[in-house]
Every structure is written in C-alpha cells, then in structure tokens.
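Participant: Test case, fold it:
(one chain, ligands or ions: 1)
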Amino acid sequence: MSYDPENIFAKILRGEIPCEKIFEDDETLAFMDIMPRSKGHCLVIPKTRCRNMLDATPKQLSACITTVQRVAQAAKTAMGAQGITIQQFNEAAGGQEVLHLHYHIHPRHEGVPMGPAGQMGDFGEIKAHAEKIRAALES
Ligand code: 5GP
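Facilitator: Residues are numbered from 1 along each chain as shown. As a prediction, the model looks like this:
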C-alpha cells in the first residue's frame, strides 16, 4: 500500500489547509479534530510520511507515542477529565479514514459516552478547548 500525498493530513502538514494546532516538535504535530467525539478530542500525527502503524518506522512510532503521552496529560488536566481514551485505526477495514498515521486523544468523564463520528464540531468550542490544552502544555 502506498502513501497518498493528497490525504487531508498531508495537506495540513504542508499548510494548504488550516488546523487548530496545539503542539509541535521536530517530528510530530498535534491539532484539534474538527469532528470531535469528545470534548477536547485531538490528534497526533508524524510530520513524515506513513499510512499507519503497519508501515511506520520505529522512529515515527516512538516520536508519536511520546507526543501522545504529553498531549494526553495536558488534555486530561485542561478538560478536567478523569481519564483518556486513545484510538488508532489501521487501513479502511480497521476503521481508518485518513491514510496518514494518527492517534486520537479523547479526554473522558465518568459516565459520559463518546459521541458519534462524522459530525462537524462547533468551531468556537473547539478553539476554546485548544486554548485550554495549549495553556496546560505550557504550564
Ligand atoms: P480516522 O477514522 O481516519 O481514524 O479518523 C480521521 C479523523 O480525522 C476523524 O476523527 C475526522 O473527524 C478527522 N478529520 C477529517 N478531516 C479533518 C480535517 O480537515 N481537519 C481536522 N482537524 N480533522 C479532520
């Protein structure tokens, strides 16, 4: 399976479409999901090309999971959550829609189920959540 450089996250990495960024380092980028299934739902991706965990290099995987932990800790604090769910899908049959490796970070509250996929979020709310997560990352 080859990497499609026209996938939506590749376009975000090239700056061709905007994203609500919350963190970046040399290897990874974290930004808000535009169709959040939880309050504070965000994504971590590598800056280099791979479809998913099945073709990623150890370097890409370790960079991503390090950023996932850092952003998850900040998102939990920022959103006043009691827990975090991490989701990661591989290939269409595995539930993956965007074919650039990504990890979903969901802040979770006791008794609150995750929402449905595919529903556009409120941009004002997403921006407000991003500001809280960025503040937690900086503190
Ligand atoms: P997947 O099912 O591939 O694991 O999830 C892809 C995720 O990307 C979905 O949660 C979807 O809401 C999110 N997404 C799709 N298009 C965009 C976009 O243009 N910007 C952002 N920030 N997220 C997107």
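Participant: any idea whether Gly124 is helix, strand or coil?
Facilitator: For Gly124, the assignment made with DSSP: H, G, I helix; E, B strand; the rest coil gives helix.
Participant: typo on my end, Ala128
Facilitator: Ala128 is classified as helix under three-state DSSP.
Participant: What strand or helix carries the residue nearest the centre of the chain?
Facilitator: By C-alpha atoms, centre = their mean, the chain has its centre lying nearest to Leu43, at 0.3 Å. Assigned by DSSP states H and E, Leu43 belongs to strand 42-46.
Participant: Briefly note if the following helix or strand past that strand comes near the ligand.
Facilitator: Later in the chain than strand 42-46, the nearest helix or strand by DSSP H and E is helix 58-79. No: against the ligand, helix 58-79 shows no contacts by C-beta under 6 Å from any ligand atom, the least distance being 13.4 Å. Using the backbone N, CA and C atoms, a C-beta is placed for each residue, glycine as well.
Participant: buried stuff in helix 58-79?
Facilitator: Neighbour counts over helix 58-79 (16 or more other C-beta atoms under 10 Å) mark 60, 63-64, 67-68, 70-72, 74-79 as buried.
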